[in-house]
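**Q** Dropping the sequence and predicted coords here.
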Amino acid sequence: APRTAIVSALHDELASVLALMPDEHRQTVAGREFWVGHLHGQDVVAVLSGIGKVAAATTATLLIQRFGVDRMVFTGVAGGLGAGVNVGDVVLARQFLQHDMDASPLFPRHEVPGYGRARFGADAALTDALELACDRMLRTLPQQLGAETVAVFGLHTPRLHQGLLISGDRFVATTLESQTLQRDLPEALAVEMEGAAFAQVCHDFGVPLAVVRTISDRADDAAHVDFPRFLREVASRYSGALMDTL
Ligand code: ADE
């Protein structure tokens, strides 16, 4: 049976997964807490990666080399960039790019030196499996959250988007920076700080990866207010519901 890693950057993003792991055994390696156990009967290692691309790369490597995982799912929140990618929507990554990678003029903008490319792919089969879970979760979420939370966050008809997810070591919190990203990378659906780093490490080791992100903010001048509020009130309930089809 495959061993699956379930990863988030922050505790609120992973809380509902940990609540569903009855027999988890906690281990600390390199300052990270790894919970080894079962979820819906499956062999699982849950871990908090920490924030940013370096923390992500270290975590991904440990999961593969120390914990022997066969596949990885990253779940968390992201800032919406694409038109119509709104708070409460879900973005399923099909491709990843590091928006702060720039070795120009030696290499084209965003290309990762040594790889001959800027974009890395998500695993199609694992992502397809998550897509089913996302559809079901989005249908049942309003009941799970309750009418008040739905109204406060405007989560009446959350949508699923699939495509390019971009990552960099910046919390994008100004409308100006968000517009610059949208201009340079018009296909980008959302921005976060870990996914593309996981994708590069998983590519190196040949380990399948899927990333699902709920939109917590629009990566604009209000992001610093929207992000923590969403994390606290909503994000903590999404992840557990997503993992039951793996
Ligand atoms: N994760 C959630 N919101 C984000 C933002 N605005 N920038 C970077 N990462 C994020």
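**A** Structure's in. What do you need?

**Q** elements contacting the one helix or strand in the chain whose mean pLDDT sits lowest?
**A** Between all helices and strands in the chain, the lowest mean by mean pLDDT, DSSP states H and E belongs to helix 236-242, at a mean of 71. Packing partners of helix 236-242 (3 or more Cβ pairs under 8 Å, 6 or more residues apart in numbering; DSSP states H and E): helix 11-18, strand 71-80, helix 124-145. Quick note: C-beta positions are derived from backbone N, CA and C, even for glycine.

**Q** chain center to it, what's the gap?
**A** Its chain's C-alpha centre lies 12 Å from the corresponding centre of helix 236-242 when counted by Cα atoms, centre = their mean, to the nearest Å.

**Q** who's the residue in the chain that the ligand sits nearest to bridged to?
**A** Residue nearest to the ligand within the chain: residue 79 (2.8 Å; Cβ to the nearest ligand atom). In this entry, residue 79 is beta-bridged to residue 191, residue 217, by DSSP bridges.

**Q** was I right about it contacting residue 193?
**A** No - using Cβ atoms under 8 Å as the test, residue 79 is too far from residue 193 to be in contact (9.7 Å).

**Q** quick one: what helix or strand has residue 215 in it?
**A** Using DSSP states H and E, residue 215 maps to strand 209-217.

**Q** The next helix or strand after that strand packs against which elements?
**A** Using DSSP H and E, the helix or strand that follows strand 209-217 in sequence is helix 223-230. Helices and strands touching helix 223-230, as assessed by 3+ Cβ pairs under 8 Å, 6+ apart, comprise strand 71-80, strand 209-217.

**Q** at 10 Å instead, please
**A** Judged by 3 or more Cβ pairs under 10 Å, 6 or more residues apart in numbering; DSSP states H and E, the packing partners of helix 223-230 are strand 71-80, helix 147-153, helix 175-184, strand 209-217.

**Q** average model confidence for it?
**A** For helix 223-230, the mean per-residue pLDDT is 89.

**Q** Could you see whether the ligand lies near it?
**A** Yes - applying Cβ under 6 Å from any ligand atom, one finds helix 223-230 touching the ligand at 223, 227.

**Q** Restrict that helix to CA atoms and write it as PDB.
**A** Only the C-alpha atoms of helix 223-230 are listed here, as PDB (Å, rounded to 0.1, in the frame of the first residue of the first chain):
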ATOM      1  CA  ALA A 223      -4.700  40.500   2.000                       C
ATOM      2  CA  HIS A 224      -3.100  41.100   5.400                       C
ATOM      3  CA  VAL A 225      -6.600  41.300   7.000                       C
ATOM      4  CA  ASP A 226      -8.400  38.600   4.900                       C
ATOM      5  CA  PHE A 227      -5.600  36.000   5.200                       C
ATOM      6  CA  PRO A 228      -5.500  35.400   9.000                       C
ATOM      7  CA  ARG A 229      -9.300  35.700   9.300                       C
ATOM      8  CA  PHE A 230      -9.900  33.100   6.600                       C
END
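
**Q** Which residues does that helix contact?
**A** 12, 77-80, 87-88, 152-153, 155, 171-175, 177-178, 191, 214-220, 235-236 (Cβ atoms under 10 Å, 6 or more residues apart in numbering).

**Q** Show me which residues of the chain are close to the ligand?
**A** So the chain meets the ligand at 77-79, 171-173, 191-193, 216-217, 219, 223, 227 (Cβ under 6 Å from any ligand atom).

**Q** Quickly, which of the helices and strands packed on helix 223-230 bottoms out on average pLDDT?
**A** When I compare those, helix 147-153 is least confident, with a mean of 76.

**Q** List the buried residues for that helix?
**A** Going by neighbour count (16 or more other Cβ atoms under 10 Å), the buried part of helix 147-153 is 150, 153.
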